[in-house]
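> Mind looking at a prediction? Sequence and model below.
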Amino acid sequence: MLNETAHADRVYSIARQNSAAASSPIVASWRRCMTMHNLAPEEPRDPLRLSGNELEEARRRSTALVCEAQDELDRLFLTVGKAGCCLVLSDEAGAILEQRSSAGDERDFHRLGLGQGAVWSEASVGTNGIGTALADERSVMIYRDQHFLSSNVRLSCATAPVRDHRGQIAAAIDISTCRDDVSEMTLSILAQAVRDAATRIEANLFRRAFAGSRFVLVPMATGSSAAILAVDRDDLILGATRAARLALKLDDARIAQGVPASDVLAETRGETGDDLLEAERAALRRVLSRTNGNVSQAAVLLGISRATLHRKLKRLSLH
C-alpha cells in the first residue's frame, strides 16, 4: 500500500490526465473532488457531522426507509459482522442513519468516522463508497488507495444505492472494512451482498408505498426480481420500480395517464373491442370460483337471475 504522501502525489498525477478521467469512474471522481469540491488528497479531514437535532430530522425524513431496511441490515450483519466489517445505511445526502459493527471493532470504525450522523458524501470526504455510489447512482467498490483522501486508504468499501418507489435515489447501503487481508475478490463478494440487500430494501419500500395494490413481476432476461409494477383492480399501472421503468420505458407522466399493464407487457389479447367481454368473463370466473361453481349462489351474488347467468355463461363459453 502506498504511504500517504505517495498516494497524494499519485492522485494529483492521474487526476490531471483527461484521458484517465474519461476512462475510469474512480479518476473521474478524483477530478470532481479537486475541481468541484476543492479537496486536497493530503488534507487530514474528518467527515462532516450532523448535530443531534439534524440527525433526528434526517431520520424522521427517512422513517419509512429505516423501518423497511432494519431486517435486511440485521440479516446482512449476521453474515459480515464477525469478519471485521462495518455495515451502514446512509440517506440520499450521505449522512449515516444506521450503523452495525461488532463490539470489538466499534472504536476503530468510529475513529474512522463511520458512526451515526457522519456525512460521507464526496464533498465531505472525497471519493468513497457511499459518496461515489450516490454521485454516480450506481454500485461501486472503492478498494484502499482508490479513495481520494490519503487518510482513508486503509478502508475498502462496497456500496449500492437504494431507490425509492419512484426510482429516485433515497439511500446507500455500504460494507466497509480496514482489514489488511481483504482482497478485491472478497470485496466483489461483499459488493454482490449489498446489491442484493439494496434490491430487497427497494422492494420493501415499493410495497409500502403501494400497499393494497396488486404487484406484477416484469419478465427480465437477466432473471432480476427488481422490476415490479403496482397495478390497481382495473389493470392500470399505479407505480413502477426503477428497473421496470427502464425495461418498459415508463416515466411519471406516462404512469399518471393511466396505462394498462397488459399494454406495456405486450400480453396476448383478443380482437379490438373485446375488452368488455374479457372483463365480464373474468368477473364471472371470479364469482364462480368463490361459489365453487354453484351457479345459483353465483347468480345471487351478482344480483341477477339464474337463467340470465346461464345465458351469459353460454355466450362467454364458460359452461
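Now that the structure is in, tell me what you want to look at.
> Report whether the expected contact of residue 116 with residue 100 is present.
No - using C-beta atoms under 8 Å, residue 116 is not in contact with residue 100; the gap is 10.8 Å. Heads up, the C-betas are built off the backbone N, CA and C, glycines and all.
> Could I get the full set of strands for the stretch 201-319 of the chain?
Using DSSP state E, counting those that start in this stretch, the strands found in the stretch 201-319 of the chain span residues 214-217, 228-231, 237-240.
> actually the stretch 51-200 of the chain, not the one I wrote
Residue ranges of the strands in the stretch 51-200 of the chain, as given by DSSP E, counting those that start in this stretch, are 85-91, 96-100, 118-119, 140-143, 156-163, 169-177.
> Which one of these lies nearest to residue 287?
For the strands of the stretch 51-200 of the chain, proximity to residue 287 was assessed by C-beta to C-beta; strand 156-163 is nearest, at 39.4 Å.
> Now do residue 272, the pLDDT please.
On pLDDT, residue 272 comes in at 52.
> Taking the centroid of this protein, which residue is nearest it?
Here the mean C-alpha position of the chain is nearest to the C-alpha of residue 162 (C-alpha atoms, centre = their mean), at a distance of 2.9 Å.
> From what I see, it and residue 170 are in contact.
Yes - counting by C-beta under 8 Å, residue 162 does reach residue 170; the two are 5.5 Å apart.
> Give the residues shared as contacts by these two.
With contacts defined as C-beta atoms under 8 Å, 6 or more residues apart in numbering, the residues shared by residue 162 and residue 170 are 65, 205.
> ok now stretch 250-268, how far from the chain's centre?
22 Å (C-alpha atoms, centre = their mean, to the nearest Å).
> Show me what counts as buried in it.
Using 16 or more other C-beta atoms under 10 Å as the burial criterion, the residues of stretch 250-268 that qualify are 250, 255, 259, 261, 264.
> Repeat that for stretch 54-73.
55, 58, 59, 62, 65, 66, 68, 69, 72, 73.
> Name the residues that touch it?
Stretch 54-73 is touched from outside by 50, 87, 89, 91, 93, 95, 97-98, 100, 116-117, 162, 164, 170-171, 173, 197, 200-201, 204-205, 208-209, with contacts defined as C-beta under 8 Å, 6+ apart.
> For PyMOL, what selects the buried ones among the residues you listed?
What follows is the PyMOL syntax for the buried subset of these, where burial is set by 16+ other C-beta under 10 Å:
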select buried, resi 50+87+89+91+93+95+97+98+100+116+117+162+164+170+171+173+197+200+201+204+205+209
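> Which of the buried residues of stretch 54-73 fall in helices?
Within the buried residues of stretch 54-73, membership in helices is found for 55, 58, 59, 65, 66, 68, 69, 72, 73, as judged by DSSP state H.
> Using JSON lines, lay out the residues you listed together with pLDDT and distance to residue 308.
Supplementary listing: those in JSON lines, determined by pLDDT from 0 to 100; distance: C-beta to C-beta, whole Å:
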{"residue": "55", "pLDDT": "97", "distance to residue 308": "65"}
{"residue": "58", "pLDDT": "97", "distance to residue 308": "61"}
{"residue": "59", "pLDDT": "97", "distance to residue 308": "59"}
{"residue": "65", "pLDDT": "97", "distance to residue 308": "52"}
{"residue": "66", "pLDDT": "97", "distance to residue 308": "55"}
{"residue": "68", "pLDDT": "97", "distance to residue 308": "48"}
{"residue": "69", "pLDDT": "97", "distance to residue 308": "53"}
{"residue": "72", "pLDDT": "96", "distance to residue 308": "53"}
{"residue": "73", "pLDDT": "96", "distance to residue 308": "57"}
